[in-house]
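J.: Structure, please.
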Amino acid sequence: GKMMMKVFRTPLWLGVIGATVLAIGSYGGGAVRYRGGVLDVLGWSFLAFGHGAGMFNALFGVGIVLIVVTWAQLGRSLFSTPAAVTADSIQRCVWAWIIPLVFAAPMLSRDVYSYLMQGAMQRDGFDPYSEGVSVNPGPMMLEVSHDWRNTTTPYGPLHLGIGNVITTIVGDNVTLGVVLYKLVSIAGFALIMWSVPAIARLLGGNPALAMWLGVANPVMYLHLIGGMHNESLMVGLVCAGLLLALRRRYVVGVALIGVAVALKATAIIAMPFVVWMLMRFIAAKWDGRRYPLAFVLAGLWVAVETMVAITVVTILSGSSWGWVSQLSGNSKVINPLAFPSLLASVATPFAIYINDDITFNQVLGWCRVICQVLMLAGLVVVWWRYRRTDQDAIKGTTAAYGVAVVFNTVTLPWYYTSLLSLIGTFQPSRRLVVWTTGLSILVALMFTGSGNHKFYDIPWVAAAVLASYLLTRYIFGRHNIPTQGSAAKTPEPAPAA
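T.: Numbering: from 1, shown residues only. Now for the predicted structure:
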């Protein structure tokens with residue numbers, strides 16, 4: 001009994017238990033296969049529906065709760081006894097939590113099946129930028145959500161290249177394809193885990209805080225490794241590129257972010273802030289003078305190298321530039337995580353009082369246009385506001401991703417990983433850390449294993465908000481936020497005018 005109590009008081013082991021329960025629950029409560037799969041091979045397919053599915057969904061829910069509680073427990077230790085919790089100890093915890101997820105079924109999203117099918121389309125000579133997956137029937141197509149079978153892909157050539165390689169290796173074996181995508185996700189997450197504490201050290205922040213908030217965060221590893229989203233590799237490449245830029249290794253840093261853009265276009269949001277960093281570096285070589293010329297040279301450097309990186313990836317992947325025409329993405333998903341959808345949900349009942357012919361879709365269309373304008377304006381404001389120091393560049397990148405995610409037409413929980421990964425690196429304020437923690441807990445609790453959200457289940461939302469509030473109070477209490485690390489700040493070139 002004492003040993004069990006000790007286990008449940010230890011974040012590492014409690015997290016392992018939670019991840020193991022979650023992994024088991026994923027086989028009947030996750031993004032389960034429509035046909036075939038591990039349960040089918042074992043003759044246990046009955047566990048994926050009816051009472052079996054209910055049992056596995058309950059296990060999945062228990063796993064999520066244990067993981068969230070583990071993160072809260074680790075956070076309380078960090079803030080109450082900062083000297084006892086280091087970035088390395090948090091890293092060991094995260095690796096231990098990830099191990100059970102290696103053996104889990106896809107969870108919280110069916111996107112990995114779409115990734116496989118889009119790779120198979122390129123392998124078989126189809127164009128995923130002009131055709132939906134339904135043009136290439138087969139075992140992989142049957143696992144793609146019905147909503148996306150006639151939708152083109154908005155992802156870049158690296159995405160198709162990875163999918164092409166994986167499906168060439170596994171053929172039409174969906175299970176092996178999922179395993180290889182899990183390994184790609186882990187590789188991307190390892191890049192995040194390596195980069196984030198190093199960025200914090202260079203900025204004079206607390207690497208342990210950066211690790212807890214931006215890596216050990218349930219939203220990070222549940223969606224990036226459990227859900228196997230290509231954001232894992234994209235965010236990893238961007239973080240690594242920013243780290244190298246902070247170390248003045250601009251050629252490699254810009255190249256890595258350029259490769260990330262070739263995976264998913266939203267990686268480009270980090271580039272304008274790298275331009276500021278490079279401009280200050282060039283100007284410092286000229287004794288802090290000629291900022292306009294340094295800005296032009298930095299902008300040309302970043303633009304040309306980014307285009308070269310994307311072109312090389314496009315050629316090597318055997319893909320095309322068709323992804324550029326698909327950047328507007330889909331508009332099918334409607335949930336309150338996207339501000340246009342939330343605004344439309346609130347405004348429509350009032351609009352109907354004025355004119356009963358007005359529909360939700362009309363209001364949503366207006367809200368999306370307004371929010372696109374606000375997003376573009378917000379990105380420009382943030383870019384100009386955070387231009388003076390390297391710490392500003394990382395703050396600005398984080399804020400810019402925040403603006404893009406909030407005002408985007410469609411927002412899904414893994415979109416937040418771009419900003420969550422960086423938000424603890426630059427000595428954030430107590431208020432920012434507290435709000436990020438509370439909202440992370442709320443988002444982690446709001447999605448089912450199949451990927452559906454529960455934002456319209458009012459009792460569930462109320463319970464999740466209460467749990468988020470209580471756990472946030474438990475984590476922080478009256479403790480100060482240990483934002484200042486022991487590392488010295490990176491020497492800064494002269495500030496921009």
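J.: So what touches stretch 430-441?
T.: 68, 71-72, 75, 209, 213, 217-219, 420, 423-424, 428, 467-469, 471-472, 475-476, 480-481, 483 (CB atoms under 8 Å, 6 or more residues apart in numbering). The way it works is simple: take the backbone N, C-alpha and C, and place the C-beta from them, glycine included.
J.: what do you get for stretch 181-189?
T.: By CB under 8 Å, 6+ apart, the list of residues contacting stretch 181-189 reads 98, 102, 112, 115-116, 162, 166, 220-221, 224-225, 228-229, 231-237.
J.: that older thread, turn the buried ones among the contacts of stretch 430-441 into a named PyMOL selection, would you?
T.: A single PyMOL command selects the buried members of these (16 or more other CB atoms under 10 Å):
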select buried, resi 68+71+72+75+209+213+217+218+219+420+423+424+428+467+468+471+472+475+476+481+483
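J.: Type out the ChimeraX command that picks the buried ones from the contacts of stretch 181-189.
T.: Buried members of those can be picked out in ChimeraX with the line below, counting by 16+ other CB under 10 Å:
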select :98,112,115,116,162,166,220,221,224,225,228,229,231,232,233,234,235,236,237
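J.: Show only the entries of the contacts of stretch 181-189 found in helices.
T.: Mapping the contacts of stretch 181-189 onto helices (DSSP state H) picks out 98, 102, 112, 115-116, 162, 166, 220-221, 231-237.
J.: which one of the residues you listed is nearest D392?
T.: When those are ranked by distance to D392 (CB to CB), V235 comes first, at 20.4 Å.
J.: Can you tell me how far that closest one is from I257?
T.: Distance, V235 to I257, by CB to CB, to the nearest Å: 11 Å.
J.: Could I get the pLDDT score of the nearest residue to V133 once chain neighbours are set aside?
T.: Closest residue to V133 apart from its sequence neighbours, by CB to CB, 6 or more residues apart in numbering: M117 at 4.3 Å. With respect to pLDDT, M117 has a value of 92.
J.: Next up, the contacts around F447.
T.: If you count contacts by CB under 8 Å, 6+ apart, F447 has them with L108, P413, H453, K454.
J.: tell me, which helix in the chain spans the most residues?
T.: In the chain, taking DSSP H as the definition, the longest helix is helix 50-80.
J.: buried ones in that helix?
T.: 52-53, 56-57, 59-79.
J.: and it, what does it pack onto?
T.: Contact here means 3 or more CB pairs under 8 Å, 6 or more residues apart in numbering; DSSP states H and E; on that basis helix 50-80 packs against helix 11-29, helix 87-102, helix 207-214, helix 218-221, helix 430-445, helix 458-476.
J.: Narrow the contacts of F447 to just the buried residues.
T.: For the contacts of F447, buried by 16+ other CB under 10 Å: L108, P413, H453.
J.: and the first one, helix, strand or coil?
T.: Each residue gets one of three states, and L108 gets coil by DSSP: H, G, I helix; E, B strand; the rest coil.
J.: shouldn't it be in contact with G25?
T.: No: between L108 and G25 there is no contact under CB atoms under 8 Å: 11.7 Å.
J.: Between those two, which contacts overlap?
T.: Common contact partners of L108 and G25 (CB under 8 Å, 6+ apart): G449.
J.: Residues touching stretch 372-385, excluding its own?
T.: I269, P272, F273, G396, A399, A400, V403, A404, V406, F407, N408, T409.
J.: Swap in 7 Å and give it another go.
T.: P272, G396, A399, A400, V403, A404, F407, N408 (CB atoms under 7 Å, 6 or more residues apart in numbering).
J.: Lowest-confidence one in the residues you listed?
T.: Lowest confidence among the contacts of stretch 372-385: N408, with 90.
J.: Now do the contacts for it.
T.: Shown in contact with N408 (CB under 7 Å, 6+ apart): A338, M375.
J.: Phi, psi for it please.
T.: In terms of degrees, to the nearest 10, the main-chain angles of N408 are phi -70, psi 150.
J.: Likewise for L412?
T.: phi -120, psi 160.
J.: Could you report the neighbour count for it?
T.: The tally of other residues near L412 (other CB atoms under 10 Å) stands at 22.
J.: for L442, same thing?
T.: For L442, the neighbour count with other CB under 10 Å is 20.
J.: for the spatially closest residue to it that is not a sequence neighbour, what are its contacts?
T.: The shortest distance from L442 to any non-neighbouring residue, by CB to CB, 6+ apart, is to S468 (4.4 Å). By CB under 7 Å, 6+ apart, the residues touching S468 are G438, I441, L442.
J.: ok, so what distance separates S468 from T436?
T.: The gap separating S468 from T436 is 12 Å, by CB to CB.
J.: Report the central residue of the chain.
T.: In the chain, the residue lying closest to the centroid (CA atoms, centre = their mean) is T417, at 2.9 Å.
J.: what residues are up against that one?
T.: With CB under 7 Å, 6+ apart, T417 has these contacts: V219, M220, H223, L224, E231, V235.
J.: What of H229?
T.: When contacts are counted by CB under 7 Å, 6+ apart, H229 touches S109, D111, H223, W414.
J.: mind running it again at 6 Å?
T.: W414 (CB atoms under 6 Å, 6 or more residues apart in numbering).
J.: any idea which element the residue nearest to the centre of the chain lies in?
T.: helix 417-420 (DSSP states H and E).
J.: And G132, its phi and psi?
T.: Main-chain torsions, G132, degrees, to the nearest 10: phi -80, psi 170.
J.: is it true that it touches T153?
T.: No: counting by CB atoms under 6 Å, G132 does not reach T153; the two are 9.1 Å apart.
J.: out of these two, which sits in the more crowded spot?
T.: Shown here are G132 and T153; by other CB under 10 Å, T153 has more neighbours (27 against 19).
J.: The nearest residue in space to the more buried one that is not next to it in sequence: what secondary structure?
T.: In space, and not counting its chain neighbours, T153 is closest to P128: 4.5 Å by CB to CB, 6+ apart. Using three-state DSSP, the three-state assignment for P128 comes out as coil.
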